[in-house]
Every structure is written in structure tokens, then in C-alpha cells.
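Student: Please find the sequence and the predicted model below.
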Amino acid sequence: MGGHGTTELDLRPAAGHIGAEIVGVDLAGPLDPGTVQAIRAALHRWKVLFFRGQNLDHAAHVAFARRFGALVPPQSRGTASPADFPYIETTADRRELAGRFGQERADWLDRRRHTALRGWHSDLTARIDPPAATVLRAEDVPPYGGDTTWSNLAAAYAGMSEPLRRFADGLWTEHRHGVGYLALAGEDPYLRKLQDHPVVSVHPLVRVHPETGERLLFVNGYYIERVVGVSRIESRPLMELFMEQATRPEYTVRFRWEPGSVAFWDNRATIHLAPSDTEHLDAPRIMHRVLLAGEVPVGVDGSASQAVAGEPLAQRD
Ligand SMILES: [Fe+2]
């Protein structure tokens, strides 16, 4: 940081461990290399960056993300996504998904939510090469509700006791699409989708960040089925212990979206909480997401994650 050619940013930290707003940078404009370098350094330091009042269209959104690496196409785009921009995934009114799997959306969600911590996730970690970063932009949001919260997984790791860190360093976890889904009796289209297209990877519980070298408590409630190499009875309290650690309020920051807001997060060093407090509101929430290509995670001992099922994201391009 502060290296030769890096531009000074107007950076305003938003919480003690994570999150900073960057003021005075027009993401739609031509960014000089020094500014790109400064944003990258700020991302490594603060894990999630916020920009307000931006005027990005789809092309400018994609162009901004490309300044930081290769992109990966979304794995399954909803009907709201723009046909001409394959790297943009749009989530519009979530009710558009109602009936998609032969059941009401609320029922489907209820069948997926096996734990209150389930909403916490990194994007697409069932893949062998989860995205390195995500750039999410708000087009239209409710007047209240729908905030996103992130947690710093480097701080969560550093905040554990030394004996627990050493224990965690040697653990591996199975990440899987559709963890904990309670199937319908009889024909269940969603269960069949999970069975016909399984996506499973084994990742280190403690991941070494490829750019900062930090150790990360690489845990989430959305994709992790179990800790491998221990019994199911042992796995459950271990997951509770590590999830509770990863989501401690002091490691988090919460962001209130406005139209034109952009959040740019390191998808390796954070988990985020998908909001669920807007479903009763009769207001649109239209968000556009672009994913940056990631690498295969590496654990403390230098060994890499193992693919069990499903293709790497990078090869789907
Ligand atoms: Fe997400």
C-alpha cells in the first residue's frame, strides 16, 4: 500500500474491522492505474468497499470489474438478467421465482433454511474456484430494509485463541449446493436439480489469502455440509462454533443501499448475509452482480481444495 504510483483515495472506514466508503471516485469514468491500484489495496485492507451515487450502466459495470481481473459468467441467471450482458446477473423482485420449483417461494425457502445462520455465505463456494470478488450495484431498492452485512474472515480467524487456531488450521469442509434441503414427498423438481447437477468441493477451513497471505476462517452457513474427517456428531458443534466466531458483530459492517450504490467485496476474505427483511414489503429491489474469477483455495499446509462434483467456474466461460 502507498507504493509508487498509487493514488490517494478519500477513504472513510465504516466499522472497526471491515468496510470503507470511497468518496469522489466516478466508477463510470476512466480510472487511471494509480486509482485502480489504490482501490485494490483498499479492498485488501477493508475487505468490502462502498461507493454511493454512481451512474453505472451494464457496460460500465462490467468494464469497472474487468479492471480488477477476469470475469466469470453467472451459473444460472434469472429471467430479469439482461440478455446482451452475459456477465451481469440481475436479481429483481424475488417473487419472480415463485413456483419455479413447483412450490411457493416461501415454502421453498423454508425447506432450505435449516439454520438461522444459513443466510451467511461467500458467493458460489461449492465450486472448486469460487469467485475472488463480487461487484454488486443497486438500481432500485426499498425505502427501508434489504441492508447487506459482511463479516471479516481474517479478523474472525485472528480473534480465535491460539489452540483453536491451530486446531482449525488442520480441518477441511465439504461445500455443496442445496445443503440441508428438506425434500418434498414424491416428485420434487428442486431435489432432482440438486441430484442431476451436484456441485461439491472440499475446501480448507482455514484458507490462505493468495494476495495478502492472511489466514481466513473460510466458513459459511449456506454451502458447508460438514467438517470432513470427523463424525457427524462432532461436525455439528464444530460448525456452530466456527460460524458463531465468523459472524460475531465486531467483525461485521452493515450497508444501507440506495439507487446507485455499489459494493465491491473480496469474496475470499468475507462472508455476507443475504437480507430477508424485504419479502413482506411491496417494493422492488433490483440489483446487478458481476463476479471476478477466483482460484482454487489453498490451506495452511499448502495443499489445495479438491473438486468432488461440478465444473470449475473458470472453464464455464
Ligand atoms: Fe451473495
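Tutor: That came through fine.

Student: Output the below-cut-off pLDDT ranges for the protein.
Tutor: Low-confidence segments of the chain (pLDDT under 70): 1-4, 93-99, 315-317.

Student: can you do 80?
Tutor: 1-5, 75-79, 92-100, 105, 279, 315-317 (pLDDT under 80).

Student: Which parts of it are helices?
Tutor: Along the chain, counting by DSSP state H, helices occupy 33-46, 58-66, 105-112, 153-158, 162-169, 189-196, 232-246.

Student: just so I know, which of those lies nearest R268?
Tutor: helix 153-158 (7.9 Å; CB to CB). The way it works is simple: take the backbone N, C-alpha and C, and place the C-beta from them, glycine included.

Student: on that earlier part again, ok, which of the helices of the chain comes nearest P275?
Tutor: Nearest of those (CB to CB): helix 105-112, 12.7 Å.

Student: can you list the helices of the chain in a markdown table and add mean neighbour count?
Tutor: Listed next are the helices of the chain as a markdown table, based on neighbours: other CB atoms under 10 Å:
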| stretch | mean neighbour count |
| --- | --- |
| helix 33-46 | 18 |
| helix 58-66 | 18 |
| helix 105-112 | 15 |
| helix 153-158 | 24 |
| helix 162-169 | 14 |
| helix 189-196 | 14 |
| helix 232-246 | 16 |
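
Student: got a list of contacts for stretch 9-18?
Tutor: Stretch 9-18 has contacts (CB atoms under 8 Å, 6 or more residues apart in numbering) with 19-25, 35, 38-39, 42, 46-48, 50, 150-152, 155, 250-253, 255, 270.

Student: repeat that with 7 Å
Tutor: With CB atoms under 7 Å, 6 or more residues apart in numbering as the test, stretch 9-18 has contacts from 19-25, 38, 42, 46-48, 50, 150-152, 155, 250-253.

Student: Same question for stretch 22-35.
Tutor: The contact list for stretch 22-35, computed with CB under 7 Å, 6+ apart, reads 5-7, 9-12, 42, 49, 51, 54-56, 60, 64, 67, 262.

Student: Just the C-alphas of it, formatted as PDB.
Tutor: Taking C-alpha atoms only, stretch 22-35 is exported to PDB below (Å, rounded to 0.1, in the frame of the first residue of the first chain):
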ATOM      1  CA  ILE A  22     -14.700   5.600  -1.000                       C
ATOM      2  CA  VAL A  23     -15.800   9.100  -1.900                       C
ATOM      3  CA  GLY A  24     -15.000  11.100  -5.000                       C
ATOM      4  CA  VAL A  25     -14.300   8.300  -7.500                       C
ATOM      5  CA  ASP A  26     -16.600   8.000 -10.600                       C
ATOM      6  CA  LEU A  27     -16.600   4.300 -11.400                       C
ATOM      7  CA  ALA A  28     -18.000   5.000 -14.800                       C
ATOM      8  CA  GLY A  29     -15.100   7.200 -15.700                       C
ATOM      9  CA  PRO A  30     -11.700   6.300 -17.000                       C
ATOM     10  CA  LEU A  31      -9.800   5.100 -13.900                       C
ATOM     11  CA  ASP A  32      -6.100   5.700 -14.000                       C
ATOM     12  CA  PRO A  33      -3.800   2.800 -13.000                       C
ATOM     13  CA  GLY A  34      -2.900   4.500  -9.700                       C
ATOM     14  CA  THR A  35      -6.600   4.700  -8.700                       C
END
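
Student: Please list only the buried members of the contacts of stretch 9-18.
Tutor: 19-22, 25, 38, 42, 46-48, 50, 150-152, 155, 251-253 (16 or more other CB atoms under 10 Å).

Student: so of these, which ones are in strands?
Tutor: If you go by DSSP state E, the buried ones among the contacts of stretch 9-18 have 20-22, 48, 50, 150-152, 252-253 in strands.

Student: And the strands in the stretch 51-200 of the chain, which stretches?
Tutor: Along the stretch 51-200 of the chain, counting by DSSP state E, counting those that start in this stretch, strands occupy 71-72, 89-91, 120-121, 133-140, 148-152, 172-176, 200-204.

Student: List the contacts of R40.
Tutor: Residues near R40 by CB under 7 Å, 6+ apart: F68.
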